[in-house]
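Trainee: how would this look folded up:
(2 chains)
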2 protein chains.
Amino acid sequence: MTEPAYVAVDWGTSSFRLWLIDRAGDVLAERRSGEGMLAAAKAGFAAVLQSHLAAVEAPDHLPVLVCGMAGARTGWVEAGYVDTPAPLSAILQQAARVPGEVRDIRILPGIAQRDPNTPDVMRGEETQLLGALGLDAPGEALVCMPGTHSKWVRVNNGTVEQFSTFMTGELFSVVSRETILSLAVAGADEAEDVASFKAAVIAAFEAPAYAANLLFRARSRQLLFGGTPAAARETVSGTLIGIELAAGLSRTVPKAGITLVASGRLAMLYRLAFDALSVSAAPLEADEAVRRGLSMAAAAIWTR
Amino acid sequence: MTEPAYVAVDWGTSSFRLWLIDRAGDVLAERRSGEGMLAAAKAGFAAVLQSHLAAVEAPDHLPVLVCGMAGARTGWVEAGYVDTPAPLSAILQQAARVPGEVRDIRILPGIAQRDPNTPDVMRGEETQLLGALGLDAPGEALVCMPGTHSKWVRVNNGTVEQFSTFMTGELFSVVSRETILSLAVAGADEAEDVASFKAAVIAAFEAPAYAANLLFRARSRQLLFGGTPAAARETVSGTLIGIELAAGLSRTVPKAGITLVASGRLAMLYRLAFDALSVSAAPLEADEAVRRGLSMAAAAIWTR
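Mentor: Residues are numbered from 1 along each chain as shown, chains lettered A, B, ... in the order given. Prediction:
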C-alpha cells in the first residue's frame, strides 16, 4: 500500500464523506456517514473528524482539507466566501485553517455573488466545479448542479462569473410531503413513470408561470381520471425540474454545451429532463467531481 | 325579529361558518368555528351542525344549505361535481340531500373540469361565484379567487367555462415554514414591507421560470446584505403571487376586467400585486360572496 498524502472531506449539511488519498491522487480508504453539519454541531466537529481519521488509521501529521457547510457561519470554522468574479484558484488560496489543532486542517471558502439584484451563495459546489473543470479550463462553461439547492454556474476561463441557485430539491421534498399533493404521491414505489415525468418537464418548460397550477394537476388528474402515485410524484418532480431548466436554458448556452454534475437518481432525472427538451448535457459524477476538486486543492496547497 | 327562512353553511376543510337567514336574505344570526371537515369527520358532521343550529335556536323544520368540503368524498355526503362548461344554475339543481335526517339538509356540488390536459376541481368557490356574479350574469368575467388553492375562473353568460387552480397559499405556507427560508422569515412581525412585496411580484411576473431562484434570494439577500424577516416573508409571498398573476393574466382579460374575490390580508396582498402590475381588479368580499351565493341557492330551492 502506498503512503497517504492527505485527507479530503466533503462535509455537507446532512452528510459527511472522507477519503484518504495518496500522492498520485488515488483513494486508499473512504468513509461515509450522516454526521453532517447539523449532527456534528452537536457532537463536536473535531470529535467527529477524529473518529473517522482513526477508523482509516490516518497518521497524526496528515493534513486534512474540508469543503462544504463545515465552513459556514453555523459550521466549524467560518471559511468566508470568494466574491464573483471568482477565479477557482482563489478558493484554495483562501482556505481557512482550523485553529487549536496540531494537525493542519483547512476549510475551503464558498463563493458569494454580492449583486443586490441577484444575491447568491454556494458552499461545496465550488469544489465540485474545481473537480469538474480544473483550475484554468479555457473557454466558457455552463454547469448545471442539481440538488436540494440546484446551482447553474457560468465559468469563463477558470473564473466563476455568475450563478443562480434554485430551491428545486427542497421544493420537491416539502411539496410532496407536506402539501395536499402528499395524498396523491403516497405509496409511490421506486419504479419511475418516465412518460409522466417527461410530459411534466415539457409542460413546465413551456409555461413556467403555471408551475403552481401544474403541481395541483397531479392531484386533480388522480381525482378525476385515476393514475398511480408514481405518476403523481413524477409530475411534481418534472414540473419543478422543468421550470428550473426553463430558467437555466434561457441564457446563452456556450459552444461547449452544458455540463451536468450530478449523482444517482438525480443524475438520471436531469438526463431525462434534458433529453425531453432535446438539449444535450455532458454528465459528470458529482461524488467524483468533489473528490477530484478536493484532491486538486490539497495537492496545490501541500505538495507544490 | 323576522322569521328565519333557512340556514346557510360554508363548511370548508378547516373552518365552519353558519348563518341564519330570513326570507329577505338578511342575516339574523351567525356562527364561526374551527370545526371544518377535518375536525367534523372525527366529531361527526350531524352533531357539529346540530350544536350550531341549537345555538342560534333554529326551528326543527328549517332547511339547511351547505357548500364546501363537507360535500367531498372524504366529507359528510359526497355531493359530486357539475362538469364544465357548468351553468351556475346547475349547481343548485344538483344539491345532494343528506339522507336519514328529518330536516331538509342539502349540500351543493363542486365543479369539475374533466379535460385530461387541464384536469381541475373546485368545491366551495362555485358558491362564491354564484354570489359574486349571480345566476345569469350576461357577458364574460375573469374571476381571481386567492386562497390556499387560488382559482382563476372564466365565466361566460352565467356558465363556468374554464378554470385553473394554483397552490399559491399552500406553497407560501410550506416554503416559509418548512424550508431553509424559514430561517430568513423567522420573527417577521405583522408589519408589511410593501416595497419588497411589490418588487418580488414584478420580478416573478417578468421571469416566472426563475421562481425557485427568486425564492432562494430571500435568504441570500439577508445573508449578504442583511434585511428584515418581514422583507424576506414579503419576497416569498410576492414571488408566489407574482407567478400566479403571470399565468392568470396571460389569458385575454375580458372588457369587464377582473373580479377579485378575497377577504382580509389576502385581499390586501392581491390588491397590492395587481396594483404593482398596473392592472385593475374590482374587489369583492369573499365572505359576503359565499353567503350571498348560499342565499341565492337556498331561495331558489326552497322559496320558489
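Trainee: how many neighbours does A:Pro63 have?
Mentor: If you count neighbours by other CB atoms under 10 Å in any protein chain shown, A:Pro63 ends up with 16. The C-beta positions use only the backbone N, C-alpha and C, and glycine is treated the same way.
Trainee: so how far is A:Leu62 from the spatially closest residue to it that is not a sequence neighbour?
Mentor: Nearest residue to A:Pro63 in three dimensions, chain neighbours excluded: A:Asp104, at 4.0 Å (CB to CB, 6 or more residues apart in numbering or on different chains). According to CB to CB, to the nearest Å, A:Asp104 and A:Leu62 sit 9 Å apart.
Trainee: which of these two has more residues huddled nearby?
Mentor: Neighbour tally, A:Asp104 and A:Leu62, criterion other CB under 10 Å: the higher count belongs to A:Leu62, 19 against 15.
Trainee: what residues are up against that one?
Mentor: Residues near A:Leu62 by CB atoms under 8 Å, 6 or more residues apart in numbering or on different chains: A:4-7, A:53, A:103.
Trainee: so where do the helices sit in chain A?
Mentor: Shown for chain A, the helices assigned by DSSP state H span residues A:37-43, A:45-55, A:88-93, A:125-133, A:168-178, A:181-185, A:194-206, A:211-225, A:229-248, A:264-276, A:286-302.
Trainee: out of the ones you listed, nearest to A:Arg31?
Mentor: Among the helices of chain A, the nearest to A:Arg31 by CB to CB is helix A:45-55 (4.6 Å).
Trainee: sorry, back to before: so which of the helices of chain A is the most surrounded?
Mentor: Mean neighbour count (mean count of other CB atoms under 10 Å in any protein chain shown) peaks for helix A:125-133 among the helices of chain A, with a mean of 28.
Trainee: quickly check: that one near chain B or not.
Mentor: No - Helix A:125-133 is not in contact with chain B by CB under 8 Å from any CB of the partner chain; minimum separation 13.3 Å.
Trainee: what comes into contact with stretch A:240-247?
Mentor: Against stretch A:240-247 from outside (CB under 8 Å, 6+ apart): A:146, A:150, A:152, A:164, A:166, A:168, A:171-172, A:175, A:200-206, A:208, A:211, A:215, A:269-270, A:273-274, A:277, A:279, B:207-213.
Trainee: measure A:Ala231 to chain B for me?
Mentor: Using CB to the nearest CB, to the nearest Å, A:Ala231 is found at 12 Å from chain B.
Trainee: please apply the same query to A:Gly134.
Mentor: For A:Gly134 relative to chain B (CB to the nearest CB), the value is 27 Å.
Trainee: next one: A:Ala40
Mentor: For A:Ala40, the distance to chain B equals 18 Å [CB to the nearest CB].
Trainee: check A:Ala256 too.
Mentor: Applying CB to the nearest CB, the value for A:Ala256 to chain B is 23 Å.
Trainee: contacting residues for that residue?
Mentor: The neighbourhood of A:Ala256, defined by CB under 8 Å, 6+ apart, consists of A:139-141.
Trainee: over to A:Tyr6?
Mentor: A:Tyr6 makes contacts with A:21, A:62-65, A:298-299, A:302, as judged by CB under 8 Å, 6+ apart.
Trainee: quick check, nearest of those residues to A:Leu28?
Mentor: A:Leu28 has its nearest neighbour among the contacts of A:Tyr6 in A:Ile21, at 6.7 Å by CB to CB.
Trainee: any idea what that closest one is bridged to?
Mentor: Partner residues in beta bridges with A:Ile21, using DSSP bridges, are A:Tyr6, A:Val27.
Trainee: what is the burial count for it?
Mentor: Neighbourhood size, A:Ile21 [other CB under 10 Å]: 25.
Trainee: repeat that for the one 5 residues further on.
Mentor: For A:Asp26, the neighbour count with other CB under 10 Å is 12.
Trainee: quick check, pLDDT for it.
Mentor: Looking at A:Asp26, its pLDDT stands at 92.
Trainee: over to A:Arg304?
Mentor: So, for A:Arg304, pLDDT stands at 60.
Trainee: got it, and A:Ala298?
Mentor: Note on A:Ala298: pLDDT of 94.
Trainee: contacting residues for the closest residue to A:Arg32 other than its chain neighbours?
Mentor: Using CB to CB, 6+ apart and skipping the chain neighbours, the partner closest in space to A:Arg32 is A:Arg17 (5.1 Å). Contacts for A:Arg17 (CB under 8 Å, 6+ apart) come out as A:9-11, A:30-33, A:287, A:290.
Trainee: equivalent analysis for A:Asp189, please.
Mentor: Shown in contact with A:Asp189 (CB under 8 Å, 6+ apart): A:229-230.
Trainee: now A:Met145
Mentor: The contact partners of A:Met145, by CB under 8 Å, 6+ apart, come to A:125, A:128-129, A:151-153, A:261-262, A:286.
Trainee: likewise A:Ala273?
Mentor: A:Ala273 makes contact with A:197-198, A:201, A:238, A:241-242, A:245, according to CB under 8 Å, 6+ apart.
Trainee: can you redo those as a markdown table with distance to A:Thr159 and pLDDT?
Mentor: As requested, those are exported to a markdown table (distance: CB to CB, whole Å; pLDDT from 0 to 100):
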| residue | distance to A:Thr159 | pLDDT |
| --- | --- | --- |
| A:Phe197 | 35 | 97 |
| A:Lys198 | 35 | 97 |
| A:Val201 | 31 | 98 |
| A:Gly238 | 34 | 98 |
| A:Ile241 | 28 | 98 |
| A:Gly242 | 30 | 98 |
| A:Leu245 | 25 | 98 |
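Trainee: list the backbone torsions phi and psi for A:Val253.
Mentor: A:Val253 adopts backbone torsions of phi -90, psi 120, taken as degrees, to the nearest 10.
Trainee: quick check, pLDDT for it.
Mentor: What the model reports for A:Val253 is a pLDDT of 91.
Trainee: that one - nearest residue in space that isn't next to it in sequence?
Mentor: A:Leu142 (5.9 Å).
Trainee: list the beta-bridge partners for that neighbour.
Mentor: Here A:Leu142 sits in beta bridges with A:Arg154, A:Ile258, as judged by DSSP bridges.
Trainee: residue contacts, it?
Mentor: Contact partners of A:Leu142, counting by CB under 8 Å, 6+ apart, are A:152-154, A:248, A:251, A:253-254, A:257-259.
Trainee: so how far is A:Pro254 from it?
Mentor: Per CB to CB, A:Leu142 is found 6 Å from A:Pro254.
Trainee: what residues does the stretch 151-300 of chain A have near chain B?
Mentor: A:164-168, A:170-171, A:174-175, A:178-181, A:207-213, A:215-217, A:220-221, A:223-225, A:240, A:243-244, A:246-247, A:250.
Trainee: just the stretch 1-150 of chain A next, same as before
Mentor: By the rule CB under 8 Å from any CB, the part of the stretch 1-150 of chain A lying against chain B is A:112-114, A:116, A:118-121, A:149-150.
Trainee: how close does A:Ala289 sit to chain B?
Mentor: 22 Å.
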